[in-house]
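Predicted model and sequence below, questions to follow.
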Amino acid sequence: MTDRSLVPLLSETEGADLDAAALGDTLYERSRSIVATPDLALKVSIAYRTARDWFGRRLARGSARVAGPMPSRPGRPDRPLLVAPRDMPRRSRGGAGSGKVALVHSLAHIELNAVDLTWDLIGRFIDEPMPRSFFDDWVQVGLEEAKHFALLDRRLKELDAAYGDLPAHDGLWQAAEATGHDLTARLAVIPLVLEARGLDVTPTMGEKVRQTGDHATAAILDVIYRDERRHVAFGAKWFRFLCDRQRRAPEPAFHDLVRACFRGALKPPFNDRARSEAGLTPGFYKPLASLIG
């Protein structure tokens, strides 16, 4: 069972000490600030504050046409050293000592990228003719990705380590660069490929970690898995919405967009049940497993 005490709640104090005037009074300005800042604690705090203000109806939507473009790359501290995915050392999915730190560090890096990918989605497509509920969903995702990174960052400190101690791969932002021109493509690749992969691997990873006695890390993985199912469901919902608007059949559109915009393979085994419960039925991804890679 998940230890709910691990989950930072969106309280009235989170992000309350930030200067709202300096951050801007629109969702667009806040999204740009989150992606741009290299201070990771500040990135999380702005995400919390932005979600609280957006759901409290204290932020306008804003526009990139008024406030300027989104950053081409997210802000990052000097560490970790970023290397090509092929140059990353192999790591264990469980174990103890340095293997445990390497696993948590790798997960923290993935979740940090998820923070920036989500808030970049919000900001980059702020001028798309989408209903408010679209932005409600992705602000919720952006909040939860910030929560995931905060949990893992804290877990590293409990292990006498810190984010940045180990190298990390520099491949995840390629998905943002490849889909920055097309919201439908962004939804196909980020939630429906990258996050859906989390549905496949996270339960097994959590069980292996739990078997080593690391219940603290396993509990964080439980939180991430629970939230990822909702993120994939949001992706499937809005991907279908856009396909309906464009009069495109969703499954063939997904195949075309993933082939054009995603580097890599869709690798089985798939968590078919969790994917289907999120609206991502096998006709989306199984044909690609044999055609990509």
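Nice, I can see it.

The residue of the chain most remote from its centre and Ala253, how far apart?
The outermost residue of the chain relative to its centre, with distances by Cα atoms, centre = their mean, is Arg247 at 28.1 Å. In this view, Arg247 and Ala253 are 10 Å apart by Cβ to Cβ, to the nearest Å. Using the backbone N, CA and C atoms, a C-beta is placed for each residue, glycine as well.

before we move on, the earlier item: got the confidence number for the residue farthest from the centre of the chain?
Note on Arg247: pLDDT of 98.

quick one: it and Met205, what's the gap?
Distance of Arg247 to Met205, given as Cβ to Cβ: 40 Å.

same thing with Asp78?
29 Å.

same for the strand or helix carrying Ala188, what does it pack against?
Per DSSP states H and E, Ala188 falls inside helix 183-189. Helices and strands touching helix 183-189, by 3 or more Cβ pairs under 8 Å, 6 or more residues apart in numbering; DSSP states H and E, are helix 98-124, helix 173-179, helix 215-246, helix 250-261.

again, 7 Å this time
Packing partners of helix 183-189 (3 or more Cβ pairs under 7 Å, 6 or more residues apart in numbering; DSSP states H and E): helix 173-179, helix 215-246, helix 250-261.

Same list (these) but as a markdown table, adding mean neighbour count.
Output for those, formatted as a markdown table (neighbours: other Cβ atoms under 10 Å):
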| stretch | mean neighbour count |
| --- | --- |
| helix 173-179 | 18 |
| helix 215-246 | 20 |
| helix 250-261 | 18 |
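
Below-threshold pLDDT in the stretch 1-150 of the chain: ranges please.
Scanning the stretch 1-150 of the chain with the threshold set as pLDDT under 70 gives 1-17, 20-21, 84-98.

Show me the strands in it, by range?
82-83 (DSSP state E, counting those that start in this stretch).

all helices for it, in order.
Taking DSSP state H, counting those that start in this stretch to define them, one finds helices in the stretch 1-150 of the chain at 20-23, 27-36, 40-55, 64-67, 98-124, 132-158.

Give me the contacts around the fourth one.
In other words, helix 64-67. Tyr28, Glu29, Arg32, Met70, Ile126, Asp127 (Cβ atoms under 7 Å, 6 or more residues apart in numbering).

again, only this time at 10 Å
Outside helix 64-67, the residues within contact range by Cβ atoms under 10 Å, 6 or more residues apart in numbering are Gly24, Thr26, Tyr28, Glu29, Ser31, Arg32, Met70, Gly123, Arg124, Phe125, Ile126, Asp127.

so Val141 sits right up against Glu195, yeah?
Yes: at 8.9 Å, Val141 and Glu195 qualify as touching, with contact defined as Cβ atoms under 10 Å.

can you list residues touching both of the two?
Joint contacts of Val141 and Glu195 (Cβ under 10 Å, 6+ apart) are Ala114, Leu117, Thr118, Asp227, Glu228, Arg230, His231, Phe234, Gly235.

Check these against Trp54 and report the nearest one.
Set against Trp54, the nearest of these by Cβ to Cβ is Thr118 (13.1 Å).

Which residue, other than its chain neighbours, is closest to the closest one?
Gly142 (4.3 Å; Cβ to Cβ, 6 or more residues apart in numbering).

again with Glu277
Glu277 sits nearest to Arg229 (Cβ to Cβ, 6+ apart), 6.8 Å away.

contacting residues for Arg230?
Asp137, Gln140, Val141, Glu144, Pro191, Glu195, Ala278.

can you check Cys261 too?
174-175, 177-182, 185-186, 188-189, 193.

want to throw these into a markdown table with distance to Arg263 and pLDDT?
Output for the contacts of Cys261, formatted as a markdown table (distance: Cβ to Cβ, whole Å; pLDDT from 0 to 100):
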| residue | distance to Arg263 | pLDDT |
| --- | --- | --- |
| Gln174 | 6 | 87 |
| Ala175 | 8 | 86 |
| Glu177 | 11 | 91 |
| Ala178 | 8 | 92 |
| Thr179 | 12 | 94 |
| Gly180 | 15 | 93 |
| His181 | 16 | 93 |
| Asp182 | 16 | 97 |
| Ala185 | 13 | 98 |
| Arg186 | 15 | 97 |
| Ala188 | 14 | 98 |
| Val189 | 10 | 96 |
| Val193 | 11 | 96 |
